[in-house]
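Novice: Below are the sequence and a predicted model for it; my questions follow.
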Amino acid sequence: MTKLLFCDIDGTLVRSDGTISDYVRSLLQEMADKGHGFILTSGRPLSSILKVRDYIGITFPHSYIIANNGGLIYDCNTNSPVYEATLPFSVIDRIQTAAEEMHIHIQTYTKDSIVCRRETPEVISYASRIKMPVIFSDVLSAALKEEPYKMLALSLSGSEMLMPLKHHIEEQLGDSLAPMFSQNGYLEILPKEANKGRALRILCAHLNIPVSDTYAAGDSENDIAMLEAAKISYAMQNGDEKVKSSAAYITALDHEHDGIAEVLKTILTSA
């Protein structure tokens, strides 16, 4: 019976240097050979996740990607979206103004580029990690042809520096937006209806695969909805305590030491 693993990337699948071990790759290949689905599910934009898929280099049945924390479900077979949730242009302007008043780096995205006002240490670090080009624009929305899936506030000093912006968004725009942390110093700003858990359920319905055949693995706050939606959930050993309390299991090892292998082996031996 086909199982679907909804797997976060950073802090879960890949090590800090962006790589996976040969051992994990061999388990992923075995999953593919046995007909299971492996759904990369990340806060990253689509173009960055496609690079991770190409790096893994394994063709899975049910070739889909969940990007932007659930704002986009993408069919890799047809190269087209299955589901989209975007931010209105008016919201982009309001959040940019608030972030700049708080001296917080804020960015959004075109389909293949980061958009921010100026070069900062935050965007230099981020762009280098996810390998995306950067467009500079004084008014972020002016550089966009389409409504974006998300905005991202960054701080190299950690999440505490971003809390004033998170509280501001919750107070002023909480009916339509859902700000959440995807890792330390990364505040994701998303449409209320966009989260990994909802995307999991939408994709299962699209594929006519019951949620009872799903697994999920993650490490950060933005993974909680996915962990709660899946039938069987794993928090990584390196995950936040709140994330660990939301999962059925916690891996014995962290993402630097093939912790995801525990999840893969469970699927392979239980199917």
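Specialist: Everything's here; your move.
Novice: what pLDDT, on average, does the helix or strand hosting E122 get?
Specialist: Secondary structure from DSSP states H and E places E122 in helix 121-130. For helix 121-130, the mean pLDDT works out to 95.
Novice: Measure how far that helix is from the centre of its chain, please.
Specialist: Relative to the chain's own centre, helix 121-130 is displaced by 16 Å; criterion: Cα atoms, centre = their mean, to the nearest Å.
Novice: Tell me where the model's unsure across the stretch 1-150 of the chain.
Specialist: Along the stretch 1-150 of the chain, the model assigns pLDDT under 70 to no residue.
Novice: Which stretches in the stretch 1-150 of the chain count as helices?
Specialist: Using DSSP state H, counting those that start in this stretch, the helices of the stretch 1-150 of the chain run over 22-33, 46-56, 89-101, 121-130.
Novice: Figure out which of these is closest to S157.
Specialist: Of all the helices of the stretch 1-150 of the chain, it is helix 121-130 that lies closest to S157, at 9.7 Å by Cβ to Cβ. Any C-beta I mention is one placed from the backbone N, CA and C, and that applies to glycine too.
Novice: can you list contacts of stretch 120-140?
Specialist: Stretch 120-140 is contacted by residues 18, 44-45, 47-48, 51, 92-93, 96, 105-108, 110, 112-119, 143, 151-152, 154-156 when judged by Cβ atoms under 8 Å, 6 or more residues apart in numbering.
Novice: To clarify, my last question referred to stretch 164-182.
Specialist: With Cβ under 8 Å, 6+ apart, stretch 164-182 has contacts from 10, 43, 69, 87, 91, 94-95, 98-99, 102, 104, 153, 159, 162, 187-192, 194-195, 220-222.
Novice: In strands, which of those residues fall?
Specialist: Counting by DSSP state E, the part of the contacts of stretch 164-182 found in strands is 153, 187-191.
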